[in-house]
Structures are given as C-alpha cells and as structure tokens.
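Chemist: A structural model of the following input is requested.
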Amino acid sequence: MEVFLARHNGFCYGVKRAIKLAQDSAALEGKACTLGPIIHNPQMVERLASEGIGMVDTLQEMTGDTIIIRSHGVGPQVYEEAGVAGLQIVDATCPHVKKAQMSAYSLSEENYQVVIVGEKKHPEVKSIFEWSGHKAEVVETVEQAAQIKTCLKLGIVAQTTFSGEEFKKIVNVLIDKSNDIKIARTICTATDQRQKAAIELSQEVDLMLVIGGKNSANTTRLAQLCSNAGCKTHHIETVQEIETGWFNGIHKVGISAGASTPDWIIKEVYEKVQNMESLLEEQDIKKIQEDDIIKGTVVLINHEEIFVDIGYKAEVSIPKAELAFPIPENAADIVQIGDVLDLYVVSVAGENGVVLSKVKADKIVAWDKIKNAFNTKEKLETIVLEAVKGGLVTAIFGLRGFIPASQIDLKFIEDLSVYIGQTLVVLPIEIDPDKQRIVLSRRVLLEADRNEKQTEIFEQLTVGQVIRGTVKRLADYGAFIDIGGIDGLAHISDLSWERVNHPSDILAVGDQVDVFVKSFDIAAKRISLSVKDTIRDPWFAKVEQYKEGSYVKGKVSKIAEFGVFLTIGDHLDGLIHMKELSEKRITKAEEVVHLDEELNVKIIHIDKKTKRIALSLIQAQQDAERAEYTDYISEQTETTNTLGDQFGDLFKNFSDK
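Modeler: Take a look at the predicted model:
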C-alpha cells in the first residue's frame with residue numbers, strides 16, 4: 001500500500017504565529033488565557049493548557065493578567081473592554097483575518113453595503129461582521145447571494161478559508177446588485193494551496209484521509225472537496241479514529257490536513273497507515289456484510305467468469321451474467337486483469353459462499369454518484385442514445401437519463417437527432433431513485449458559461465472601443481452583433497451614414513464587421529453599437545467640393561412647412577428656407593416650386609457641425625438678374641455712339657461761322 005502526503009498540509013503561517021504567541025505568553029508575568037480556543041484543534045488546545053495557557057469564553061471570566069486574542073480574531077469592542085479591564089493584550093489574530101476585518105471596516109466607513117462571503121456562525125466571520133459596524137450581510141451560497149437587494153455601493157469581503165471557486169460563483173451573482181462594486185478577495189493563499197493540493201492528490205489515490213478538528217471550517221472543506229472529486233474520503237481528528245476496514249482493496253492512500261492540524265498528529269496518522277497492510281494481513285477473515293459495496297481486483301478471466309481478490313481468504317468468482325447488462329458473450333469484453341471493481345455483496349453464507357455482483361453495484365454506485373452530483377451541483381457527462389418526443393434519452397453511469405428539449409440549448413433546436421451519439425456535459429436538475437427518474441440539463445451550464453463570458457467582456461469594455469463582431473440576427477429596427485460571447489445592438493440609424501430602409505439592405509447574418517462601442521449598461525446587459533462610426537462620414541468628403549457663395553443645380557426632394565429640401569450633387573441635401581424662396585410673401589412653398597423640379601440656387605452657408613447646407617433661390621435669381629443687367633450695360637457701353645460722335649462736324653461748322 002502506497003501512502004502519499006499532500007504537498008501542502010498542516011499549520012499555515014497564521015496558525016504557527018498564533019501558537020508561538022500563545023506559548024511565549026506563558027513566560028509573561030501573571031496568568032495568560034486565550035479568549036476562546038486559540039485554533040480549531042482540541043488536541044492543540046489541550047497541549048497549551050498543559051503548558052499553562054488557559055482558556056476563557058468571555059472577558060468576565062478572566063482572572064489573569066494577559067488575554068490572548070485567538071487566530072480567528074474578535075471585534076473592536078473586545079479590545080476596548082480588555083483595555084478598560086487593564087488586561088495586557090497579545091493579539092494572535094491571523095494577518096489574513098486582520099486584512100479581512102480592516103477591509104470590512106474601510107468599506108463600511110466609505111458607506112458601502114458590506115457583504116461577507118462565508119459561514120455565518122464561524123468566529124472569524126463574526127469578527128469581520130463586528131468590524132463592519134454590525135451592518136454587513138453574510139452569505140454562504142449562491143441562493144443567499146441572489147436575495148441581496150440592489151444598492152448604490154456594494155463591498156465584498158471573504159472568509160479567509162472560504163472556497164475560491166464558490167467565492168467566484170457568489171461574486172458573479174452579487175456583481176449585478178450594484179454599479180459601484182469593490183471586491184476584497186481576502187481568501188488566504190495557503191487555503192487555496194491546500195485545497196488544490198488535496199484535490200490533485202485525491203484524483204490519484206483510492207482513499208483520502210483528511211486530518212483536523214471537526215469544528216475546523218477549512219478542514220471540513222478539504223474533506224468535502226476530496227469527496228466531490230470522486231474519492232472516498234474520511235475526516236478524522238486523531239489516529240484513534242482510523243478503521244482498518246477502510247483499507248480493504250485500497251492500494252493508494254492520500255493524507256491531507258487542515259491549517260490548524262499539529263505536525264505530531266499528522267505523523268501519527270501517516271505511520272499507522274504505512275503499517276496498515278500488516279494490520280490487514282493479521283486479520284484471519286475479512287468482515288463483509290450483505291448489501292455492502294466493496295472493491296475487488298480482477299486476478300483471472302475466463303470465458304464464462306472472472307475471479308476477484310477482495311482481501312478474503314480466497315478469490316471470489318463472478319459469472320459474466322453479473323458483470324454487465326446485457327450479458328456479454330465473453331467476460332473479457334467487460335474487464336481486464338488488474339481492474340479494480342465496485343462489487344455488491346449479494347450473500348456471505350450458504351453453499352455458494354460469498355456471492356458478488358458488478359451489475360447491482362454499478363447501479364447503486366451510479367445512483368450515489370448521481371445523488372452526490374445533484375447535491376453538489378457537479379457537472380457530469382452523458383451519452384445521447386436517442387431523440388424522442390420532448391427531448392433526448394441518454395445513458396449516464398449505466399442509468400437512463402432524460403434531457404427535456406427546453407434544457408438542451410440556449411435556443412430552440414428543431415432537429416434533436418443531431419445530438420445522437422454525442423457526449424454532453426450536463427447537470428442533474430431532478431432525480432427520483434424510487435421511480436428511476438433522472439432529469440438532466442445542459443442549458444443551465446451554457447447559461448452559466450455565457451454569464452461568465454459576458455462578465456469578462458463587460459470588464460474589458462470601454463466606450464469608444466472598436467471591436468470585430470459577427471452579425472447574428474437582423475430585425476426591422478437594427479442588427480444584433482456578437483462581439484465575443486455577448487450580442488450588442490446596432491440601431492438601423494447607426495448602420496450607415498446613408499439612409500437605410502432595412503438592415504438586410506447592407507448586412508447579412510454571418511457578416512464580419514467592425515463596430516464602435518457607443519454605450520453599455522452592465523446591470524441591464526445592454527450594449528449599444530455603431531457600424532457607421534468606424535468610418536469617416538462621407539458627407540464631409542462630398543461637401544468639400546462646394547463653397548459658400550457658389551451656385552449649384554438641384555432637384556426638389558421634399559417640401560415642408562418651413563421650406564424646401566433640395567438634393568444637390570452626390571446625394572447631398574440642402575434646405576431653402578421659406579424666406580429664401582420668393583421675394584413676394586407666400587404661405588406655401590408649392591406656390592413657387594413643386595416636387596422633382598430642378599432649380600438653380602446659391603449656397604449661402606455650410607455648417608459642418610450640424611451637417612446642414614443653407615440654400616437660396618432668391619439670391620441665385622437676383623445674382624443672375626444682376627449679372628444679366630451688368631452684361632447688358634457693358635454691351636451698350638461698347639457699341640453705342642455719343643452725340644459728339646454723330647454731330648461733331650455740325651458743331652464744328654457752327655462754331656466756324
């Protein structure tokens with residue numbers, strides 16, 4: 001039997017520090033006591049008592065001179081009361097806990113609604129709550145987080161030993177509760193390290209022993225995580241709790257320990273497990289009972305049966321009818337030598353001796369796995385067998401599962417047969433062992449993934465950003481464009497600088513387009529996009545060829561109460577105001593012009609800020625008349641003779657006389 005110690009286990013820095021401070025306090029003048037257990041380990045508390053460090057539950061019980069604040073910390077009122085009582089204070093609060101306390105205090109002072117993610121009855125959480133001014137909300141589950149009311153400012157603090165994965169799930173729910181959120185991720189790195197190391201080890205061994213106080217939150221969570229990983233796990237405080245029956249058929253054992261577990265206890269457990277094989281060999285007969293699920297190792301395979309070693313006085317045979325359903329043609333089709341099997345004990349007495357069944361064990365074990373997954377919301381894999389009316393029939397751990405059509409995807413799937421033969425990741429949402437009913441959902445996992453992606457996108461999003469997107473859907477009012485896991489809406493007015501009658505005129509589903517982020521609302525999960533803002537407005541390029549005071553020809557495109565719109569050049573619109581239509585007083589533009597009529601006008605103003613062009617029909621006509629008159633005068637000046645030219649000689653003769 002191989003025994004492995006988790007890479008990270010036992011005392012963390014905060015616990016080591018607290019124990020040392022407590023032990024050093026024994027040398028101080030007068031009696032020293034801890035306020036409550038220094039750590040969550042009864043054996044360590046007893047050892048400190050033997051070294052002269054007592055324990056009181058309240059300051060009122062204190063008869064000594066020095067009070068030791070335990071690693072889980074206390075609220076500010078305790079420090080004040082201890083000071084008033086004249087007690088010397090040795091503060092053994094874990095630095096990580098102190099950080100969480102100060103985070104809660106600062107957030108509360110800044111008028112944030114503080115939410116503590118942790119176990120409400122845990123002493124550490126109670127101390128953090130007191131530092132928040134008794135104003136914090138405490139949540140331990142996603143369901144509790146969903147009940148938190150929306151607020152203007154929200155601050156989040158974590159219990160130092162809380163699960164990092166669970167903390168992330170809860171934060172994903174709380175992030176929608178406010179537009180101003182501060183998160184103090186005060187989970188101790190040592191906690192993360194221990195949890196990760198324990199999970200990794202549990203996936204490589206047959207059995208896990210997790211050592212630590214039964215009242216220790218971090219140790220209890222270690223045991224839970226190992227069990228959730230699918231490894232048989234036992235949470236023990238001392239070596240005396242170990243049962244030899246746990247190790248029958250076990251080849252690899254992993255050992256982990258909580259942050260408050262002393263080294264000497266870990267050493268005692270490790271040494272006993274190392275000697276476990278010899279203890280098992282000393283047993284004359286293996287004690288098994290009917291209806292037990294035990295493990296057996298395949299040692300021999302025949303066509304009709306197999307033989308397994310269950311640690312009994314002799315190997316036990318199992319006929320192929322009890323190996324699988326339907327009955328295989330050859331036992332070798334189901335198992336191989338060396339396979340470790342879960343086996344159901346049908347009987348232990350009678351003429352056949354021990355009778356075992358893999359078929360029955362598989363079913364029982366399968367239901368245990370399903371129940372555990374249902375309770376812990378664990379993801380499972382299932383193979384689609386057939387498509388029926390209303391959903392998909394699947395196989396999961398050898399049991400029949402069902403995925404309703406509404407739980408298959410985020411969108412409606414018309415042809416369910418495309419899933420036949422596929423392996424899907426699902427979550428059990430309804431189980432009934434008595435009715436052999438297992439209802440599964442793929443949709444809830446897809447929704448969770450989508451929400452996580454959306455959160456990541458919103459965290460990286462900025463107004464004015466240009467992103468590459470894919471057109472997912474067209475509506476009369478605009479286009480929905482996927483920008484990496486979330487759809488934004490580009491309104492029809494934001495699709496082009498030109499007038500668009502329908503989005504399908506310029507876009508098609510599947511098109512890749514650059515989009516400009518106009519605005520976004522995290523709470524409502526809305527993003528406003530623009531396609532046209534990624535390119536320069538062509539109006540400016542068109543208008544550059546025109547100047548104020550120049551004359552242009554255009555066609556009347558629209559008549560309004562205040563004037564006439566004229567289309568000039570390449571789809572540029574200008575406005576002739578009523579006062580610029582006629583010199584005489586008119587009440588309607590139709591008195592002067594009509595639709596589609598071509599007019600010669602004068603550009604009197606170009607406003608690039610508002611993209612407006614002001615035109616004048618009157619000035620164009622006046623300028624044309626003035627030009628014509630000027631030309632006429634000029635012509636007359638050049639061709640007409642004066643009286644002097646015609647009668648010069650006459651005047652000359654008259655003068656001579």
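Chemist: how about the strands in the stretch 151-300 of the chain?
Modeler: 153-158, 180-184, 207-211, 232-236, 252-257, 293-301 (DSSP state E, counting those that start in this stretch).
Chemist: would you turn those strands into TSV with mean pLDDT and mean neighbour count?
Modeler: In this view, the C-beta of every residue, glycine as well, is placed from N, C-alpha and C. Formatted as TSV, the strands of the stretch 151-300 of the chain follow (pLDDT from 0 to 100; neighbours: other Cβ atoms under 10 Å):
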stretch	mean pLDDT	mean neighbour count
strand 153-158	95	25
strand 180-184	93	16
strand 207-211	93	27
strand 232-236	94	18
strand 252-257	92	24
strand 293-301	91	18
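Chemist: I'd like those as TSV, with distance to Arg443 appended.
Modeler: Shown next, in TSV, are the strands of the stretch 151-300 of the chain (distance: least, Cβ to Cβ, whole Å):
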stretch	distance to Arg443
strand 153-158	28
strand 180-184	28
strand 207-211	33
strand 232-236	31
strand 252-257	36
strand 293-301	33
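Chemist: Gly549: which of those is closest?
Modeler: The closest of the strands of the stretch 151-300 of the chain to Gly549 is strand 180-184. By Cβ to Cβ, the value is 54.7 Å.
Chemist: and for the residue lying closest to Val298 once chain neighbours are set aside, the neighbour number?
Modeler: The shortest distance from Val298 to any non-neighbouring residue, by Cβ to Cβ, 6 or more residues apart in numbering, is to Asp339 (4.6 Å). For Asp339, the count of nearby residues is 14 (other Cβ atoms under 10 Å).
Chemist: dihedrals phi and psi, Asp339?
Modeler: phi -60, psi 140 (degrees, to the nearest 10).
Chemist: swap in Leu566?
Modeler: Per degrees, to the nearest 10, the backbone of Leu566 is at phi -120, psi 130.
Chemist: remind me which helix or strand Leu48 belongs to.
Modeler: helix 42-50 (DSSP states H and E).
Chemist: would you mind pulling the contact partners of that helix?
Modeler: 19, 22-23, 34, 37-39, 55, 213, 237-238, 260, 262, 265 (Cβ atoms under 8 Å, 6 or more residues apart in numbering).
Chemist: wait, which of those is closest to Ala395?
Modeler: Among the contacts of helix 42-50, and counting by Cβ to Cβ, the member closest to Ala395 is Glu237, at 41.3 Å.
Chemist: what about the closest one, how many residues close to it?
Modeler: The number of residues near Glu237, taken as other Cβ under 10 Å, comes to 20.
Chemist: picking up where we left off before, of all the strands of the stretch 151-300 of the chain, which lies closest to Ser528?
Modeler: For the strands of the stretch 151-300 of the chain, proximity to Ser528 was assessed by Cβ to Cβ; strand 180-184 is nearest, at 21.2 Å.
Chemist: would you map the helices across the stretch 351-500 of the chain?
Modeler: 358-376, 443-460 (DSSP state H, counting those that start in this stretch).
Chemist: adding mean neighbour count, write these out as JSON lines.
Modeler: Shown next, in JSON lines, are these (neighbours: other Cβ atoms under 10 Å):
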{"stretch": "helix 358-376", "mean neighbour count": "17"}
{"stretch": "helix 443-460", "mean neighbour count": "15"}
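Chemist: rank those by mean pLDDT and give me the bottom one.
Modeler: Mean pLDDT is lowest for helix 443-460 among the helices of the stretch 351-500 of the chain, at a mean of 85.
Chemist: now do that one: which elements does it pack against?
Modeler: Packing partners of helix 443-460 (3 or more Cβ pairs under 8 Å, 6 or more residues apart in numbering; DSSP states H and E): helix 164-174, strand 423-432.
Chemist: what strands flank the last one, and is each parallel or antiparallel?
Modeler: Its sheet considered, strand 423-432 pairs with strand 380-388 (antiparallel), strand 437-441 (antiparallel) by DSSP bridges.
Chemist: contacting residues for the residue nearest to Lys553 when sequence neighbours are not counted?
Modeler: Excluding its sequence neighbours, the residue lying closest to Lys553 (Cβ to Cβ, 6+ apart) is Asn600, at 5.4 Å. Contacts for Asn600 (Cβ under 8 Å, 6+ apart) come out as Tyr551, Val552, Lys553, Ala620, Ala624.
Chemist: which of those sit farthest apart?
Modeler: Val552 and Ala624 (13.2 Å).
Chemist: more neighbours: the two, which one.
Modeler: Val552 (19 against 13).
Chemist: identify the residue nearest that one in space, chain neighbours excluded?
Modeler: Ile568 (4.8 Å).
Chemist: then His594?
Modeler: Nearest residue to His594 in three dimensions, chain neighbours excluded: Val556, at 6.8 Å (Cβ to Cβ, 6+ apart).
Chemist: near the one you found, how many other residues are there?
Modeler: Val556 has 18 neighbouring residues, counting by other Cβ under 10 Å.
Chemist: excluding chain neighbours, what is closest to Lys518?
Modeler: Nearest one to Lys518, counting by Cβ to Cβ, 6+ apart, is Ser528 at 4.3 Å.
Chemist: and the one you found, helix, strand or coil?
Modeler: strand (DSSP: H, G, I helix; E, B strand; the rest coil).
Chemist: and it, how far from Ala146?
Modeler: 28 Å (Cβ to Cβ, to the nearest Å).
Chemist: can you give me the end-to-end distance of stretch 473-481?
Modeler: One end of stretch 473-481 to the other measures 7 Å (Cα to Cα, to the nearest Å).
Chemist: could you do stretch 8-18 as well?
Modeler: 19 Å.
Chemist: then stretch 328-346?
Modeler: End-to-end for stretch 328-346, by Cα to Cα: 20 Å.
Chemist: sorry, back to before: same drill for Ser528 and Ala146, tell me which one is more crowded.
Modeler: More crowded of Ser528 and Ala146, by other Cβ under 10 Å: Ser528, with 18 against 13.
Chemist: wait, doesn't that one sit right on Ser493?
Modeler: No - with contacts counted by Cβ atoms under 8 Å, Ser528 stays clear of Ser493, the gap being 11.2 Å.
Chemist: where does this structure dip in pLDDT?
Modeler: Counting by pLDDT under 70, the ranges of the chain that qualify are 280-287, 313, 325-326, 349-350, 635-657.
Chemist: can you tell me the centre-most residue of it?
Modeler: In the chain, the residue lying closest to the centroid (Cα atoms, centre = their mean) is Glu452, at 2.7 Å.
Chemist: distance of the closest residue to it other than its chain neighbours from Leu507?
Modeler: Spatially, and ignoring its direct neighbours in sequence, Glu452 is nearest to Asn172 (6.6 Å; Cβ to Cβ, 6+ apart). Using Cβ to Cβ, Asn172 is found at 33 Å from Leu507.
Chemist: what do you get for Lys16?
Modeler: Note on Lys16: its distance to Leu507, by Cβ to Cβ, is 64 Å.
Chemist: neighbour count: those two, which is higher?
Modeler: Using other Cβ under 10 Å as the criterion, Lys16 and Leu507 rank with Leu507 on top: 20 against 13.
Chemist: quick one: the more buried one from Ile250, how far?
Modeler: In terms of Cβ to Cβ, Leu507 sits 63 Å off from Ile250.
Chemist: quick one, strands of the stretch 451-600 of the chain?
Modeler: Counting by DSSP E, counting those that start in this stretch, the strands of the stretch 451-600 of the chain are 466-475, 478-482, 487-491, 512-521, 526-530, 551-559, 563-568, 572-577, 598-607.
Chemist: now tabulate those strands in a markdown table and tack on distance to Val384.
Modeler: Formatted as a markdown table, the strands of the stretch 451-600 of the chain follow (distance: least, Cβ to Cβ, whole Å):
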| stretch | distance to Val384 |
| --- | --- |
| strand 466-475 | 26 |
| strand 478-482 | 27 |
| strand 487-491 | 28 |
| strand 512-521 | 32 |
| strand 526-530 | 35 |
| strand 551-559 | 60 |
| strand 563-568 | 60 |
| strand 572-577 | 59 |
| strand 598-607 | 64 |
